[in-house]
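Q: Here is the input, now give the coordinates:
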Amino acid sequence: MRRDRPDWQPKTRLGKMVLRGEISNMREALDTGFPLKEPEIVDILLPNLGDEVLDVNMVQRMTDSGRRVNFVIVAVVGNEDGYVGLGRTKGKEVGPAIRKTIDAAKLNVVEVKRGCGSWECGCGRAHSLPFQVKGKSGSVEVVLKPAPRGISLAVGGVAKSILRLAGIRDAWGFTKGHSRTTVNYAFAAFDALKQTGAMKMSQEQSKKLCIVSGPIEIRAEDDTLEPPVVTEDEPKEKEKTSEAQGKEGEKAKEKSE
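A: Numbers count the residues shown, from 1 in each chain. Alright, predicted model coming up:
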């Protein structure tokens, strides 16, 4: 049970299943088909979830009683290992509105597929996107493409935060429309990541593109390139070639004599 909310009593069927221990990970919770309506479910299944506020916008409205001020918050959450969520809410105060937005982002958590879909790489590690995806929100259209290792995230600042929390380390990004609108840009990038889970792939294609859905163990040893291993067959081949050269030299001497 979550430590900061020990008195949590689930009201949904999915929450009761998580509290009883029938569901132990986020993939099982999403496969049930039940909607996420309680943020405590995500807190239990994804304890290492990080969050980041993308935009804080102040909206003023004139009424008969005076001027009213509201704050519109956009926030993203993710564990940097295949799960990411995006939320947008409004409130009269910044602090409560941010907490409300983070809870809303937890209810929109999706599973992201990763892989090595770049023809320039072929490293066999799930560090980028497996294929090109496209997302749209309002007038903003975002296209994300796989990139080789070392390129990093060649996208805008808003999309970079979303991709980083999703666990993607290398990607190309292209935008169309009014990309300065943070809300539409964020939701367009999030919509593009959701398309990775909607695409159906065969087992052969998944192996070829090294597609991984959800979490994966990433170690520091994988980032270092191992030196080439010399097999035992190589020195034998060298010996054979030297022997052949020696025999050819002896035959040439005999002919000259």
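Q: which residues touch L163?
A: Under the criterion of CB atoms under 8 Å, 6 or more residues apart in numbering, the neighbours of L163 are L144, L153, V155, A171, A189, L193. C-beta: built from backbone N, CA, C; applies to glycine.
Q: Tell me, how many residues neighbour the second one?
A: Yep, that's L153 we're talking about. By other CB atoms under 10 Å, 21 other residues sit near L153.
Q: where's it relative to K92, distance?
A: 35 Å (CB to CB, to the nearest Å).
Q: Spatially, which two of the contacts of L163 are the most separated?
A: L153 and L193 (12.7 Å; CB to CB).
Q: dump the residue contacts of the residue positioned nearest the centre of the chain.
A: Centroid check for the chain by CA atoms, centre = their mean gives A166 as the closest residue, at 2.9 Å. Taking CB under 8 Å, 6+ apart, we find A166 in contact with G78, E80, G82, Y83, V84, V112, L193.
Q: Which residue comes closest to it once chain neighbours are left out?
A: V84 (3.9 Å; CB to CB, 6 or more residues apart in numbering).
Q: The one you found - that's part of a strand, no?
A: Yes: remark: V84 belongs to a strand, assigned using DSSP: H, G, I helix; E, B strand; the rest coil.
Q: which residues sit in contact with it?
A: Contacts of V84 by CB under 8 Å, 6+ apart are V76, V77, G78, V109, V110, V112, I162, L165, A166, G167, F190, L193.
Q: Give me the subset of these that lies in strands.
A: The strands, defined by DSSP state E, take in V76, V77, G78, V110 from those.
Q: Domain parsing of the protein, as residue ranges.
A: 13-111, 113-216 (automatic domain parsing).
Q: one step back: quick one: which two of the contacts of V84 are the most distant?
A: G167 and F190, at 14.1 Å, using CB to CB across these.
Q: So for the two, which sits in the more crowded spot?
A: F190 (26 against 22).
Q: For the more buried one, which non-adjacent residue is closest in space?
A: L86 (4.3 Å).
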